[in-house]
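Student: sequence and predicted model, in that order:
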Amino acid sequence: MTPDHSAAPSPTHLRRAAFLDRDGVINIDHGYVWRIADFQFVPGVVTAAAELAQAGYALVVVTNQAGIGRGMYGEDDFDRLTAWMIEQFAQGGVPIAGVYHCPHHPTLAQGDFRRACSCRKPAPGMLLDAARDLDIRLSDSVMFGDKCDDMRAAQAAGVGLRVYLGKDGHAAPADACDAAGAGLRFASLAAAVSDPGLRAQLRLAPSPPDLASAHKAVLPPGA
Ligand SMILES: [Zn+2]
């Protein structure tokens, strides 16, 4: 990931990204997680993300954080947790290219945070911002999310592949998200990345690693 300062990015510089929702995909969704002590990685997610990174995907987190707008925690709390999360990924060999969050809510937030914004999923704003900031080719990218709104945001942004995951690594989502073209469903990022068919679509090496064992390993907070 060497920045090119010599010229404006041309299409040949564009890279593909793996967009990850946070709560329910990266960490167990306990509801408005803002403390490090409450941040529990979904089993296998770091190992799976490492595979995507090794295959050349820029890893980008896109997360609705209306808890900020609702006054449950502050931007500084979110930033502190994000820095810690990035460090945990780094220790697993995973560079995080960017983290985008939406603090707004159209009805429940306070003050300036209460508005209909272009960043809260299912709007595509965060993905479009990331594509511009990080030189991402959206059509060659993939979104992993546990809500249909993740799939809708990705579809609206033009993300080529949308993978619908079960919340917190549980069973694959039962509800249809057909309108957003989320035909691919897995229990977790680890399960998705270990699937031979999806590996082919993502152009990962054909032989899946031993994610079954990684799936059992939970990174404790602070590990
Ligand atoms: Zn927003």
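Tutor: Noted; the coordinates are in hand.

Student: in whichever helix in the chain runs longest, which residues are buried?
Tutor: Under DSSP state H, the helix in the chain containing the largest number of residues is helix 75-91. For helix 75-91, a neighbour-count test (16 or more other Cβ atoms under 10 Å) marks 77-78, 81-82, 85-86, 88-89 as buried. To be clear about C-beta, it is placed using only N, CA and C from the backbone, and glycine gets the same treatment.

Student: now do the SS call for residue 98.
Tutor: The local conformation at residue 98, judged by DSSP: H, G, I helix; E, B strand; the rest coil, is strand.

Student: how much space between it and residue 58?
Tutor: 8 Å (Cβ to Cβ, to the nearest Å).

Student: higher neighbour count, those two?
Tutor: residue 58 (21 against 18; other Cβ atoms under 10 Å).

Student: tell me what the more buried one is bridged to.
Tutor: residue 17 (DSSP bridges).

Student: would you check that it makes contact with residue 15?
Tutor: Yes. Counting by Cβ atoms under 8 Å, residue 15 is a contact partner of residue 58 at 5.5 Å.

Student: between these two, what contacts are shared?
Tutor: In the contact map built from Cβ atoms under 8 Å, 6 or more residues apart in numbering, the residues linked to both residue 58 and residue 15 are 134, 136.

Student: before we move on, the earlier item: close to the ion, is the longest helix of the chain?
Tutor: No. Judged by Cβ under 5 Å from the ion, helix 75-91 stays clear of the ion, getting no closer than 12.7 Å.

Student: and the contacts of that helix?
Tutor: Under Cβ under 8 Å, 6+ apart, the answer for helix 75-91 is 26-27, 33-36, 39, 41, 46, 49, 59, 65, 68, 95-96, 99, 101, 103, 219, 223.

Student: show me which of those residues are buried.
Tutor: Buried among those (16+ other Cβ under 10 Å): 26-27, 33-34, 39, 41, 46, 49, 59, 65, 68, 96, 99, 101, 103, 219.

Student: restricted to strands, list these.
Tutor: 59, 96, 99, 101 (DSSP state E).

Student: any idea how far the closest residue in space to residue 127 that isn't next to it in sequence is from the ion?
Tutor: Spatially, and ignoring its direct neighbours in sequence, residue 127 is nearest to residue 157 (3.9 Å; Cβ to Cβ, 6 or more residues apart in numbering). Per Cβ to the ion, to the nearest Å, residue 157 is found 14 Å from the ion.
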